[in-house]
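Trainee: structure, please.
(2 chains)
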Amino acid sequence: GAVVSQHPSRVICKSGTSVKIECRSLDFQATTMFWYRQFPKQSLMLMATSNEGSKATYEQGVEKDKFLINHASLTLSTLTVTSAHPEDSSFYICSASAGARDHEQFFGPGTRLTVL
Amino acid sequence: GENVEQHPSTLSVQEGDSAVIKCTYSDSASNYFPWYKQELGKRPQLIIDIRSNVGEKKDQRIAVTLNKTAKHFSLHITETQPEDSAVYFCAASIGGGNQFYFGTGTSLTVIP
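Mentor: Numbering: from 1, shown residues only, chains lettered A, B, ... in the order given. This next block holds a predicted model:
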């Protein structure tokens, strides 16, 4: 099946710093990528949808200026958590879709963010 | 937007018994319903999916049923094994390239 990677897998940072998370589709072109966050023992909450070359669409309640998403190519999307605070600590997971003819989403391994 | 509810939140079964997890959705436009298995700290893995043009799909010990009229779908695992223990999520989507809306998850424990 299709492979999606995420980097870094874990990051610990100080409050107030920014953190960038990369999501790559390794063996297919992802026209659409999705970003989720997951708190312990909770479900995956969709944060935003990004299409290559256009602005991301954010879900209600997600601050677009805090969670910057860039989908610069068909194989790479980045999520930057700006001015991170302890409440941003979470598991962030991306997924990628090959497009309108493909229902399946392929998930990355996730990034554990801890903000001190 | 779409709202997906999932029950139960936790489920314990004896090895060899069956497990059933149920989900309901609100948006009648949803037409794709995947089920994911997630082990602690790992990525969700697709285990089975169903499209709205069929009512049931089976893959070995796993089956999914869909009732479009009632807007609910269920996951059935037969002959459960300890390695089936994980968190299971249902999701609904209106189609290719579109967002998934996940249920709240079911933590399944299979007791040896």
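Trainee: residue A:26 reaches residue A:4, doesn't it?
Mentor: Yes. With contacts counted by C-beta atoms under 8 Å, residue A:26 reaches residue A:4, the gap being 7.0 Å. In short, each C-beta sits where N, CA and C put it, glycine included.
Trainee: in contact with the closest residue in space to residue B:29 that isn't next to it in sequence, which residues?
Mentor: Nearest in space to residue B:29, with sequence neighbours left out and distances taken as C-beta to C-beta, 6 or more residues apart in numbering or on different chains, is residue B:94 at 4.8 Å. By C-beta atoms under 8 Å, 6 or more residues apart in numbering or on different chains, the contact set of residue B:94 is B:2, B:27, B:29-32.
Trainee: on that earlier part again, out of residue A:26 and residue A:4, which sits in the more crowded spot?
Mentor: The neighbour comparison of residue A:26 against residue A:4 (other C-beta atoms under 10 Å in any protein chain shown) goes to residue A:4, with 25 against 12.
Trainee: residues in contact with the more buried one?
Mentor: Applying C-beta under 8 Å, 6+ apart, the residues near residue A:4 are A:23-26, A:30, A:94-96, A:106-108.
Trainee: least confident of those residues?
Mentor: Looking at the contacts of residue A:4 by pLDDT, the weakest one is residue A:30, with 87.
Trainee: name the SS class of the closest residue to it other than its chain neighbours, please.
Mentor: Setting aside the residues directly before and after it, residue A:30 is nearest to residue A:96 in space (C-beta to C-beta, 6+ apart), at 3.6 Å. Under the three-state scheme (DSSP: H, G, I helix; E, B strand; the rest coil), residue A:96 adopts strand.
Trainee: isn't residue A:75 up against residue A:27?
Mentor: No. In terms of C-beta under 8 Å, residue A:75 does not count as a neighbour of residue A:27; the distance is 9.2 Å.
Trainee: which one of these two is surrounded by more residues?
Mentor: More crowded of residue A:75 and residue A:27, by other C-beta under 10 Å: residue A:75, with 18 against 10.
Trainee: distance of the residue most central in space within chain A from chain B?
Mentor: Nearest to the geometric centre of chain A sits residue A:35, at 3.5 Å (C-alpha atoms, centre = their mean). Look at residue A:35 and chain B: by C-beta to the nearest C-beta, to the nearest Å, they are 11 Å apart.
Trainee: mind checking the SS state of that residue?
Mentor: Residue A:35 is classified as strand under three-state DSSP.
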